[in-house]
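J.: give me the fold of what follows.
(one chain, ligands or ions: 1)
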Amino acid sequence: MTTQEFFEALQRAHVEGSARISAAATPLELTDVRNALIGRKNGSLSQLMRELPSLPEADRREAGARANSARVAIEEELETRKVSLDADTPPQPTLDLSMPGRQSWRGAKHPVTLIIEEIEGIFRDIGFTIALGPEAELEWYNFGALNFPADHPAMDMHDTLYLGKEVLLRTHTSPVQVRTLQSYPPPIRILAPGNVYRRDFFDASHAPMFSQIEGLAVDEGVSFVDLKATLSYFANRLFGKTKTRFRPSYFPFTEPSAEMDVECQLCSGRGCSGCKGTGWMEILGSGMVHPAVLQSAGVDAERYTGWAFGMGPGRMAMLRYGIPNIRLLYDSDVRFLEQFAR
Ligand code: PHE
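T.: This next block holds a predicted model:
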């Protein structure tokens, strides 16, 4: 190749290159053009520059300089074209913003959990702590230590599920009274929530497993006044200002025993089908801890007295939220449960 031929080829490569650069319609096409012109291996300008060493020595310097400025010019044109193409080309969508989103669900606490937490809060405020006991319980803690005489008919009331000879599923949370009294010296003020089991058939107001909350206060000089005052205070905190009444009752482990009623929350005491026209709803069983219970737990019954209560939070939740059927608490129907999301 003569020097003249080199200059002509350089001129052609530049003119053609410029034309191809302006013709490139997309950034991708422009990349192809760049490779065809100044690609290291096959670019037309690169190939031409490989001819430089074969030119006559005297022309090489000038030929090199011209080739170089052609290359710089091409690079500038490529850059200018790239900027204008990028501005024209909308960004390729990697995300379809018109696609419907995935629905996310907010979880809710179960109404029985909500009421247990609320009841715990009220008793914590007045100095009670939480105590727990096993659901698979020894017969002795469930009955014997609680002053149920062997084969006493009161045990029938509980319709017990036995797991073995002396092991059963606890029928109430009262065994936690005995376990706590064995482990801690008075003064004691505890609240013991937990599940209990009875072989009751499953109907609108009975379930074979349900929860209870036990309460126990033991100290020197504790009387029925403490029981009445504390439980009335509790009822007023949970239901808002409401009337309460105590009726005599019987439990083997308390003497005297009393059931507490609150004014029917559905009809405000006027009488409705919910309270069977009485205007009252029973919410808990209670009484002064029987001295025999203190003794079986190893507590000095001459020195200490106490009171205890047991209530069903399921029942409290039904009253508090106006739930008509206990099954709703167990069926896990989201249409029911999501009403408690907050
Ligand atoms: N354990 C009793 C029941 O299940 C309730 C109760 C607890 C009564 C404590 C008096 C004192 O019915």
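J.: ok, Leu169 - contacts?
T.: Glu135, Ala136, Glu137, Thr160, Leu161, Leu163, Val196, Tyr197 (Cβ atoms under 8 Å, 6 or more residues apart in numbering). From N, CA and C alone the C-beta is placed, and that goes for glycine too.
J.: among these, name the buried ones.
T.: Glu137, Thr160, Val196, Tyr197 (16 or more other Cβ atoms under 10 Å).
J.: so what sits opposite the last one in the bridge?
T.: By that I understand Tyr197. Residues in a beta bridge with Tyr197, per DSSP bridges, are Met209.
J.: break the chain into its domains for me.
T.: 3-88, 111-340 (automatic domain parsing).
J.: close to the ligand: what parts of the chain are there?
T.: For the chain, the residues in contact with the ligand (Cβ under 6 Å from any ligand atom) are His172, Ser174, Glu214, Phe251, Thr254, Gly285, Ser286, Gly287, Ala308, Phe309, Gly310.
J.: make JSON lines out of those and add pLDDT.
T.: Listed next are these as JSON lines, based on pLDDT from 0 to 100:
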{"residue": "His172", "pLDDT": "96"}
{"residue": "Ser174", "pLDDT": "98"}
{"residue": "Glu214", "pLDDT": "98"}
{"residue": "Phe251", "pLDDT": "95"}
{"residue": "Thr254", "pLDDT": "98"}
{"residue": "Gly285", "pLDDT": "97"}
{"residue": "Ser286", "pLDDT": "98"}
{"residue": "Gly287", "pLDDT": "98"}
{"residue": "Ala308", "pLDDT": "98"}
{"residue": "Phe309", "pLDDT": "98"}
{"residue": "Gly310", "pLDDT": "98"}
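J.: quick one, which of the domains of the chain is nearest to Pro100?
T.: domain 111-340 (20.9 Å; Cβ to Cβ).
J.: just flag whichever of the domains of the chain has the lowest average confidence.
T.: The minimum mean pLDDT among the domains of the chain belongs to domain 3-88 (a mean of 88).
J.: starting at the chain centroid, how far to that one?
T.: With Cα atoms, centre = their mean, to the nearest Å as the basis, domain 3-88 stands 65 Å off its chain's centre.
J.: what distance separates the start and the end of it?
T.: For domain 3-88, the first and last residues are 42 Å from each other (Cα to Cα, to the nearest Å).
J.: hang on, the earlier thing: any chance of CSV for the contacts of Leu169, columns secondary structure?
T.: Output for the contacts of Leu169, formatted as CSV (DSSP: H, G, I helix; E, B strand; the rest coil):
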residue, secondary structure
Glu135, coil
Ala136, strand
Glu137, strand
Thr160, coil
Leu161, strand
Leu163, coil
Val196, strand
Tyr197, strand
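J.: biggest separation within these, which pair?
T.: Across the contacts of Leu169, the longest distance by Cβ to Cβ is 14.0 Å; it joins Leu163 and Val196.
J.: what about Lys276, how many neighbours?
T.: By the criterion of other Cβ atoms under 10 Å, Lys276 has 11 neighbours.
J.: that one and the ligand: what is the separation?
T.: 20 Å (Cβ to the nearest ligand atom, to the nearest Å).
J.: give me phi/psi at that residue?
T.: Dihedral angles of Lys276 (phi, psi; degrees, to the nearest 10) stand at phi 50, psi 40.
J.: and the spatially most central residue of the chain, how far from the ligand?
T.: Closest residue to the average C-alpha location of the chain: Gly107 at 6.1 Å, with Cα atoms, centre = their mean. Here the criterion is Cβ to the nearest ligand atom. By it, Gly107 lies 31 Å from the ligand.
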